[in-house]
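Novice: sequence? don't have it. structure:
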């Protein structure tokens, strides 16, 4: 859906400044998704600093990540409009051109995830799933000490951290290019509307 901003009527508006400010934002990220996002961020950070030092906490956090991933996959089909996976295929096809256009500062204007954000979501979900599943496997009797399980867990966990760093840098870059705090949007759930924009 292309963002649309209703133009102000000519003359004096009877709305208060607060009303006009509210009308320039739209609810995007629902509360369950926002809680999921920050809980997952905390778990990933905790998991990165706890292996071999706090093994019990590391396992608990790993199981929590599995639970959070399960919730996200369910919420991708049953959540609110911008939480769903319905646009993933189209956004992934658009991602290469979108990333190419970013070299010239062309960002478009998307209410939900832009193509680069969609690509990052898929990459993070995939690497986190592999990391969490192999981590759970590595503490079972069957797979304990199996080299390919341990190696897969190790490398996929490293990939998660690399992607997280790229994600944070991307959020900061898009915030600068679009002059909007995407971090605040993930806290409040609301994004600013622009009259001249493109995207969904």
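Specialist: Good, I have the coordinates. Quick caveat, the model's predicted, so the values are computed rather than measured.
Novice: centroid residue for the protein?
Specialist: Centroid check for the chain by CA atoms, centre = their mean gives residue 121 as the closest residue, at 5.4 Å.
Novice: Show the contacting residues for that residue.
Specialist: By CB atoms under 8 Å, 6 or more residues apart in numbering, the residues touching residue 121 are 88, 113. (Each C-beta comes from the backbone N, C-alpha and C, glycine too.)
Novice: Repeat the analysis, applying 7 Å as the threshold.
Specialist: Residue 121 makes contacts with residue 113, as judged by CB atoms under 7 Å, 6 or more residues apart in numbering.
Novice: how far away is it from residue 167?
Specialist: Look at residue 121 and residue 167: by CB to CB, to the nearest Å, they are 9 Å apart.
Novice: State the helix or strand in which the residue nearest to the centre of the chain lies.
Specialist: helix 115-137 (DSSP states H and E).
Novice: What's the local residue count around residue 55?
Specialist: Applying other CB atoms under 10 Å, we find 11 residues neighbouring residue 55.
Novice: if I look at it, how far off is residue 113?
Specialist: 35 Å.
Novice: go on, residue 82?
Specialist: In terms of CB to CB, residue 82 sits 8 Å off from residue 113.
Novice: One more: residue 104?
Specialist: Residue 104 is 21 Å from residue 113, by CB to CB.
Novice: Neighbour count: the two, which is higher?
Specialist: Using other CB under 10 Å as the criterion, residue 104 and residue 113 rank with residue 113 on top: 19 against 7.
Novice: The more buried one should be in a helix, yeah?
Specialist: No - read with DSSP: H, G, I helix; E, B strand; the rest coil, residue 113 is coil and lies in no helix.
Novice: got the contact list for it?
Specialist: Per CB under 7 Å, 6+ apart, neighbours of residue 113: 91, 121.
Novice: Distance check, it against residue 158.
Specialist: Taking CB to CB, one finds residue 113 at 24 Å from residue 158.
Novice: try residue 87
Specialist: Taking CB to CB, one finds residue 87 at 29 Å from residue 158.
Novice: repeat for residue 108
Specialist: Residue 108 is 32 Å from residue 158, by CB to CB.
Novice: Which other helices and strands does the helix ranked longest in the chain contact?
Specialist: Counting residues, the longest helix found in the chain (DSSP state H) is helix 147-178. The contact analysis (3 or more CB pairs under 7 Å, 6 or more residues apart in numbering; DSSP states H and E) places helix 147-178 against helix 31-49, helix 115-137, helix 182-188.
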